[in-house]
Each structure stands twice: as structure tokens, then as C-alpha cells.
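**Q** model the structure of this input:
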Amino acid sequence: MTWLLNIFGNIKNVAMLVLGLFGFGYIAVQKYKSAKAESKLKNIENKIAKTNVVVAKAKAKAKAKAKEAETTTEIEVLRELNKEKEVIQKEMEVIEKNIETHIKEKKEKKVQGRTRHNKVSIEA
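**A** Numbering: from 1, shown residues only. Take a look at the predicted model:
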């Protein structure tokens, strides 16, 4: 009878070993699949991050170009305004000279005749 129990005991041990190996194999396969899935997820995240960096760089370049264009146009406008300012200053100097000569001509003192008590009136 003991030999029968030994056989069943051995069969039980072998069955437990086989089930344990299958269980260990299943767990190992699941861990491998999860690690593979995590690796794919990290790759996708890295690609998304790289894409975001490329998009951010493109936006920054576009903003920089827009700012550069804006500053260059501002510089051009300022240069044009300076040129116009010089022209206008010259025109204003000419106008001032004309006004001064006109005023000098008008300011020629007109002496009216003498009045009583030897007073002279001068028109300005």
C-alpha cells in the first residue's frame, strides 16, 4: 500500500511541479508583455515629446521671424521719419527766415509827424 501512496505522492509532486512551471511561465510571459507594452508606451511618449519640441521650435522661430520683421519695419519707419524730420526741419528753417524777413520789413518804423510837446509816435 505504501508503494501505491508513493506513486500517488510522486504523481502529486510532479503535477504540482508542472502546474508551478506553467504558472511561473504564465507570469513570466505576462511580465514580458507588460514590459514590452511599457517600452512601446515610452517610445510613443518620446516621439510625442520630440514632436512637441519640434512644434515649439517652429512656433518660436515663427514668432522670432515676426518680431524680426516687425523690428526691421520699425527701424525702416524710424529711418524714414528721421529723413522726413530733416526735410521738415529745413523747410521750417526756410519758413522761419521768411517770417523773420517779413517781420523785419513790417517793423520799419514809421514816424508820424510831430505833435504837441514834441512827442513822436512810432508804429510797430
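**Q** against residue 35, how distant is residue 45?
**A** 15 Å (Cβ to Cβ, to the nearest Å). No exception for glycine: its C-beta is placed from N, CA and C like everyone else's.
**Q** no no, residue 44
**A** Counting by Cβ to Cβ, the gap from residue 44 to residue 35 is 15 Å.
**Q** just the strands in this structure please.
**A** 110-111, 122-123 (DSSP state E).
**Q** lowest-confidence stretch among the ones you listed?
**A** Per-stretch mean pLDDT for the strands of the chain is lowest at strand 110-111 (a mean of 52).
**Q** report pLDDT for residue 53.
**A** At residue 53, pLDDT is 92.
**Q** run through the residues that contact it.
**A** Residues near residue 53 by Cβ atoms under 8 Å, 6 or more residues apart in numbering: none.
**Q** distance check, it against residue 61.
**A** From residue 53 to residue 61 the distance is 12 Å (Cβ to Cβ).
**Q** check residue 29 too.
**A** 48 Å.
**Q** next: residue 87.
**A** 39 Å.
**Q** then residue 90?
**A** Counting by Cβ to Cβ - residue 90 and residue 61 are separated by 43 Å.
**Q** could you do residue 10 as well?
**A** 75 Å.
**Q** hey, where'd the helices end up in the protein?
**A** In the chain, the segments counted as helices under DSSP state H are 2-106.
**Q** where in it is pLDDT low?
**A** Along the chain, segments meeting pLDDT under 70 span 1-5, 7-8, 107-124.
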